[in-house]
Structure formats: C-alpha cells, structure tokens
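**Q** The amino acid sequence is not available; the structure is as follows:
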C-alpha cells in the first residue's frame, strides 16, 4: 500500500514535467552582419540561418534581433528589429536549413563602440500524431556589432585630403623646378666679339 502512495505522486510529477517541456526543434547555426563596421544612421541586415534538427517539419513564426545600445548622451536604449512578418510563418523540412535577413537601422545619435545584438527565432514543431503545430523552442544566437566613431571617419577623410594636397604640391613643385631649369639653361649667351 505504501508503494502505491509513492507511485501516484511520481507519475503525476512525470506527467507535469512532460507537459511543461517544450520540444526542441531548431537551432540557429549562424548569424552574421552584412558589414564589419557601421556608422551612426546606417542601415544593413543580419543574415540568420535556422536549422531543423528534428525528424518532422518546423515553421519559423518570428525572427528578431534585440539590440541594447547607448546614445551619445549616455542614455541606454533597447530596440528590436524583426524579419518582415508578412513573410512568416515559413516551413523548414527535417534536416534542412533556411537563411533569413533581418533589416537593421541604427539611430543617428548612437554612441560608438561595440554592442551585442541577440538574434532569436520562434518556431513551431509539426506533430503528425495530432495533425497540428505545437509551440517549440526559441533558439538564440549572439552577434557582435561595431559602430565606428564619426570622428574617426572625419579624421580619415582629413588625412586623405592632406595626403592628396601634399602629392599635388610635390607634382606642381617638380613641374615648376623643371620649367625654371629649362628657362635658365636656355638663356641667351653673349657672342664673343672678334
């Protein structure tokens, strides 16, 4: 009789754990930015590859990139970018992967430095025994994004302009020296009188 009382709570616990556990159906195998560095105000995208590691098809219902960053005045801001929802849900067959591009747009007053967006995919798993979709896992993937200082870009432009000015000055100086040499070497010499 004692064993029955122990067995009933144990079975109830196992049923509860099974019901609360979500099926793992997808992994994000890569997430890459379209540029190595960004400037404030630039747009771009994050390429995300979602892989179906299950024996049944899955569907991606939401794909996003969450970015924490600072404004130049030090204010912290969180922004979430989404893959166009009108293109979802998108099914991925078992053992296959699909690549998506999440558009991003940086504010004009974002502070320079590194930020670490997190890409997340929400997926559903097809259950053929029930003939329905069930909510699955939410795989994530970290990305490193570098925002270059606008002063560095201005400094590089200034350096390029100074180098161009120096080269131009040397070319014109060389041309002037050659002309002066040519003019003074061809000067009329007095003719010796007999």
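**A** The structure has been received and is ready for your questions. Predicted model, so just to flag it, every value in this text is computed and none were measured. Numbers count the residues shown, from 1 in each chain.

**Q** Please count neighbours and contacts with C-alpha atoms only from this point.
**A** Noted.

**Q** following the helix or strand residue 135 falls within, which helix or strand comes up?
**A** Taking DSSP states H and E as the criterion, residue 135 maps to strand 132-135. Sequence order places strand 140-142 as the next helix or strand after strand 132-135, per DSSP H and E.

**Q** For that following strand, which outside residues touch it?
**A** 27, 28, 30, 31, 116, 117, 118, 119, 120, 121 (C-alpha atoms under 8 Å, 6 or more residues apart in numbering).

**Q** Which one of these is nearest to residue 95?
**A** Residue 95 has its nearest neighbour among the contacts of strand 140-142 in residue 27, at 11.1 Å by C-alpha to C-alpha.

**Q** ok, and for the helix or strand containing that closest one, which residues are buried?
**A** Remark: residue 27 resides in strand 26-33, with elements defined by DSSP H and E. For strand 26-33, a neighbour-count test (16 or more other C-alpha atoms under 10 Å) marks 26, 27, 28, 30, 31, 32, 33 as buried.

**Q** mind putting the residues you listed in a markdown table, distance to residue 44 included?
**A** Below are the buried residues of strand 26-33 laid out as a markdown table (distance: C-alpha to C-alpha, whole Å):
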| residue | distance to residue 44 |
| --- | --- |
| 26 | 25 |
| 27 | 23 |
| 28 | 20 |
| 30 | 17 |
| 31 | 13 |
| 32 | 11 |
| 33 | 8 |
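
**Q** so which of the residues you listed comes closest to residue 52?
**A** Residue 52 has its nearest neighbour among the buried residues of strand 26-33 in residue 26, at 4.7 Å by C-alpha to C-alpha.

**Q** What pLDDT is listed against the closest residue in space to residue 41 that isn't next to it in sequence?
**A** Nearest non-adjacent residue to residue 41, counting by C-alpha to C-alpha, 6 or more residues apart in numbering: residue 108, 4.1 Å away. Note on residue 108: pLDDT of 90.
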